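What shape does this take:
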Amino acid sequence: MRSDLSLAAAPNEGGGLRPDTVRIVSASGGGVLETKALADVRAALAGPKGFLWLDLAEPSPETLSEVTDILGLHPLIADDIRERNERAKIVEIANVLHIVLFALRYAGEADASEIDIVLGEHFILTAHDTDWDPYVAPLLRSGPAQLLEHGPDKLLYALADFIIDGYFPVLDRLADEIDQLQDDVVERASQWTLQRLFVLKRELIRIRRATSPAREVFNQLTNRDIGLIRRDHVVYFRDVYDHLIRVTDELDNYRELVSGTLDVYLSTVNNNLSLIMKRLTGVTVLLAGIGAVAGIFGMSEAGAAFQGAESAGFWLVSAFTVGLAVAAAIMLRRIDWI
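From the prediction side, this is the model:
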């Protein structure tokens with residue numbers, strides 16, 4: 001059975017879903033109900049026990065309050081969803097799991113988007129920003145009802161797998177940027193390169209803050225005896241947990257690469273400064289030689305020298321000084337100081 005209301009939400013002008021979009025899927029006894037009317041949720045919960053999925057995109061306080069009232073959620077869960085300022089976590093309250101994960105996206109720089117998931121015995125609730133759409137998940141391409149019929153925990157796996165797998169394209173973009181910055185540091189280090197290194201370092205810290213606690217989430221899902229997760233479905237969450245371990249390991253590697261690149265940048269700047277100091281030292285040596293000649297061939301002796309009245313010793317000292325300056329210039333050139 002499918003309601004007359006269209007399930008697909010129209011995108012807003014900036015792309016993504018419209019705020020306060022509600023999408024509902026109910027699977028019971030082989031029948032499927034897809035709607036956007038919250039009144040149908042009450043009917044589905046009052047009828048034969050099936051499985052229900054409610055997806056909310058930036059829900060208004062009124063919509064969220066109505067949904068939590070229909071599902072009978074604890075006020076703490078409703079407050080956490082409303083505030084949307086949580087870290088990745090898993091909390092069990094009144095036989096309901098509240099899971100917070102973060103989706104990553106890359107648009108010039110990496111950014112994280114909070115996703116709240118509430119898992120009950122017969123329902124799953126998702127609340128997220130409008131720029132993240134769970135319906136594009138690969139495992140949901142044939143429709144969420146097929147997964148929902150196996151239980152809301154199977155749908156939870158599909159969503160979690162989609163979220164975690166979305167980390168890898170972002171990490172690939174960051175890896176390409178790190179490689180480019182490493183080349184820039186070696187070839188043409190600049191102030192912009194230094195600024196981008198600091199920005200990238202902050203991005204990695206922000207990503208790790210969003211993703212690292214998720215390891216504990218899936219560690220509990222795979223190792224704790226949680227009645228809401230069927231035993232034969234635990235293996236799926238272990239696969240997601242393995243992917244998340246890869247993500248955190250790569251993040252650690254990228255942080256080390258960025259720190260190493262920053263060290264190379266500072267070394268390059270110091271080397272350039274040393275090169276400048278060497279050349280200035282070479283110029284000083286040459287000017288010192290010229291200054292010595294000028295001291296000997298002073299104004300008091302200039303007239304006599306041009307008239308040929310100076311003795312041979314004067315010219316001998318002058319020639320020796322100039323020759324010494326030339327020899328110093330050749331030596332400094334050979335050791336690349338000038």
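
for stretch 99-112, what is the average pLDDT?
Per-residue pLDDT over stretch 99-112 has a mean of 88.

in it, what's buried?
Going by neighbour count (16 or more other Cβ atoms under 10 Å), the buried part of stretch 99-112 is 99, 100, 101, 102, 103, 104, 106, 110, 111, 112. Just so you know, the C-beta spots here come from the backbone N, C-alpha and C atoms, and that holds for glycine as well.

and what of stretch 216-228?
Applying a neighbour-count criterion of 16+ other Cβ under 10 Å, one finds 217, 218, 219, 220, 221, 222, 226, 228 buried in stretch 216-228.

Just give me the neighbour total for residue 212.
Per other Cβ atoms under 10 Å, the neighbour tally for residue 212 reads 16.

And the one 3 residues further on, by the same measure?
Here the count is done by other Cβ under 10 Å, and residue 215 has 15 residues near it.

From the contact counts, what lies against the helix or strand hosting residue 181?
Assigned by DSSP states H and E, residue 181 belongs to helix 167-188. Of the remaining helices and strands, those touching helix 167-188 by 3 or more Cβ pairs under 8 Å, 6 or more residues apart in numbering; DSSP states H and E are strand 96-106, strand 110-119, helix 191-211, helix 234-296.

Return the distance of that helix from the chain's centre.
Averaging C-alpha coordinates over helix 167-188 and over its chain gives two centres that are 12 Å apart (Cα atoms, centre = their mean, to the nearest Å).

Would you mind pulling the contact partners of it?
Defining contact as Cβ atoms under 8 Å, 6 or more residues apart in numbering, one finds that helix 167-188 is touched by 104-106, 110, 190, 193, 196-197, 200, 203-204, 207, 211, 247, 250-251, 254, 257-258, 261, 264-265, 268.

By neighbour count, sort out the buried ones in those.
Listed as buried from the contacts of helix 167-188 are 104, 106, 110, 193, 196-197, 200, 203-204, 207, 211, 247, 250-251, 254, 257-258, 261, 264-265, 268; burial here means 16+ other Cβ under 10 Å.

What are the structural domain limits within this protein?
When the chain is parsed into structural domains using automatic domain parsing, the resulting residue ranges are 1-149, 271-334.

Go through those and pick out the most buried.
Comparing those by mean neighbour count (mean count of other Cβ atoms under 10 Å), domain 1-149 ranks first with a mean of 17.

now the helices and strands packed on helix 167-188 in TSV, with distance to residue 184?
What follows is the helices and strands packed on helix 167-188, written out as TSV (distance: least, Cβ to Cβ, whole Å):
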stretch	distance to residue 184
strand 96-106	19
strand 110-119	19
helix 191-211	5
helix 234-296	9
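
nearest to residue 326, of those?
Comparing these against residue 326 with Cβ to Cβ, the closest turns out to be helix 234-296 (8.5 Å).

What helices and strands are in contact with the closest one?
Using 3+ Cβ pairs under 8 Å, 6+ apart as the contact definition, the elements that helix 234-296 packs against are helix 152-165, helix 167-188, helix 191-211, helix 214-223, helix 312-334.
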